[in-house]
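1. next come a sequence and a model predicted from it.
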Amino acid sequence: MNFYVLMKRTFDTEEKIAINGGQIAEDGAEFIINPYDEYAIEEAIQLRDEHDGEVTVVSVGSEEAEKQLRTALAMGADKAVLINIEDDVEETDQFTTARILAEYLKDKEADLILAGNVAIDGGSGQVGPRVAEQLNIPYVTTITSIKIDGETVTIVRDVEGDSETLETSLPLLVTAQQGLNEPRYPSLPGIMKAKKKPLEELELDDLDLEEDDVEAKTKTIEIYLPPKKEAGRVLEGEIDQQVKELVDLLHKNNKVV
């Protein structure tokens, strides 16, 4: 079976992020595999081991994403593909990424395409479904379990804290939710093997695409950090007094009562 994973290089949101000139300052920032994409990579590896086949991880971006692709190879993926658009496209959005990925995948005979449910930097959750729509294949989002039996696929997906079970068929695209699995850490042997695994680099010309074909449909007006939270206040005294003070504060400061 042919398994393809859509991977994004993202900022590590657990690290301090700085804004410079309305843009996230990349100097000194830490970059990682988007955590939801790690679930997708892990699931693809487990399914390959169960059903045989090959796992290819694909990323759209700049040459800096090679590090994260090598990490995916060290986890156990077989191949990696970097579609480098750094010199071809100035502004990108979900349409841009999905259009490029769909063009790459259209003749790859993928049985199962896996992606993260959302990217932690943008959080739109659009790329996976957009790719499936362009490839004209079914898709299921926020999955927490997947079982393949021949051409039949049984899926459990998260639905606002509940779950539902679906049955569909291959080819298929799914997006991974937390709880699907526990992504492995790359082992030292895996890291050594990853250096010898194929990592192909493509550009728009290789996909017969022009910049106009992938022009962003949206524009980011401003990026800013959320306001700092004010320090909390501990109310003291008798319970009745605390309740009265709390109601008074909510009324005067927050206008909620």
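-> Sure thing, it's come through.

2. which residues of the stretch 101-250 of the chain fall in helices?
-> Taking DSSP state H, counting those that start in this stretch to define them, one finds helices in the stretch 101-250 of the chain at 127-135, 188-194, 239-249.

3. surely V127 and T97 touch.
-> Yes: between V127 and T97 there is a contact under CB atoms under 8 Å: 5.2 Å. All C-beta spots, glycine's among them, are computed from the backbone N, C-alpha and C.

4. out of the helices of the stretch 101-250 of the chain, nearest to E66?
-> Distance to E66, taken as CB to CB, is lowest for helix 188-194 among these, at 11.0 Å.

5. what's that closest one packed up against?
-> helix 66-75 (3 or more CB pairs under 8 Å, 6 or more residues apart in numbering; DSSP states H and E).

6. on contacts alone, who are the packing partners of the next helix or strand after the helix it packs on?
-> Along the chain past helix 66-75, the next helix or strand (assigned with DSSP states H and E) turns out to be strand 79-84. Here strand 79-84 is seen to pack against strand 54-61, helix 66-75, helix 94-105, strand 199-202 when contacts are counted using 3+ CB pairs under 8 Å, 6+ apart.

7. partner strands of strand 79-84, parallel or antiparallel?
-> Neighbouring strands of strand 79-84 in its sheet, by DSSP bridges, are strand 54-61 (parallel), strand 199-202 (parallel).

8. out of those, which is the most enclosed?
-> Most buried of the strands paired with strand 79-84, by mean neighbour count (mean count of other CB atoms under 10 Å): strand 54-61, with a mean of 23.

9. mind listing residues that contact it?
-> Counting contacts by CB atoms under 8 Å, 6 or more residues apart in numbering, the residues outside strand 54-61 that touch it are 1-9, 41, 44-45, 48, 65, 68-69, 72-73, 76-86, 96-97, 100-101, 104-105.

10. now those residues: which count as buried?
-> Using 16 or more other CB atoms under 10 Å as the burial test, the contacts of strand 54-61 include 1-9, 41, 44-45, 48, 65, 68-69, 72-73, 76-85, 96-97, 100-101, 104-105 as buried.

11. where does the stretch 1-150 of the chain have low pLDDT?
-> 21-23, 25-26 (pLDDT under 70).

12. what do you get if the cut-off is 90, keeping everything else the same?
-> In the predicted model, the stretch 1-150 of the chain carries pLDDT under 90 at residues 11-31, 87-92, 120-124.

13. closest one to I33 among the helices of the stretch 101-250 of the chain?
-> With distances scored as CB to CB, the stretch of those nearest to I33 is helix 188-194 (13.2 Å).

14. so how far is stretch 191-199 from its chain's centroid?
-> The chain centroid and the centroid of stretch 191-199 are separated by 23 Å under CA atoms, centre = their mean, to the nearest Å.

15. er, stretch 201-214 I mean
-> Mean-position distance between stretch 201-214 and its chain equals 22 Å (CA atoms, centre = their mean).

16. now that stretch - C-alpha only, PDB.
-> Written as PDB, here are the backbone C-alpha positions of stretch 201-214 (Å, rounded to 0.1, in the frame of the first residue of the first chain):
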ATOM      1  CA  GLU A 201      13.500  18.100  -3.600                       C
ATOM      2  CA  LEU A 202      11.100  19.600  -6.200                       C
ATOM      3  CA  GLU A 203      10.100  23.100  -7.300                       C
ATOM      4  CA  LEU A 204       7.000  24.500  -8.900                       C
ATOM      5  CA  ASP A 205       8.400  23.900 -12.400                       C
ATOM      6  CA  ASP A 206       8.700  20.200 -11.700                       C
ATOM      7  CA  LEU A 207       4.900  20.100 -11.100                       C
ATOM      8  CA  ASP A 208       4.200  22.200 -14.200                       C
ATOM      9  CA  LEU A 209       2.800  24.900 -12.000                       C
ATOM     10  CA  GLU A 210       3.200  28.700 -12.300                       C
ATOM     11  CA  GLU A 211       3.100  31.200  -9.500                       C
ATOM     12  CA  ASP A 212      -0.200  32.400 -10.700                       C
ATOM     13  CA  ASP A 213      -1.600  28.900 -10.300                       C
ATOM     14  CA  VAL A 214      -1.000  28.900  -6.600                       C
END
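
17. lovely, talk soon.
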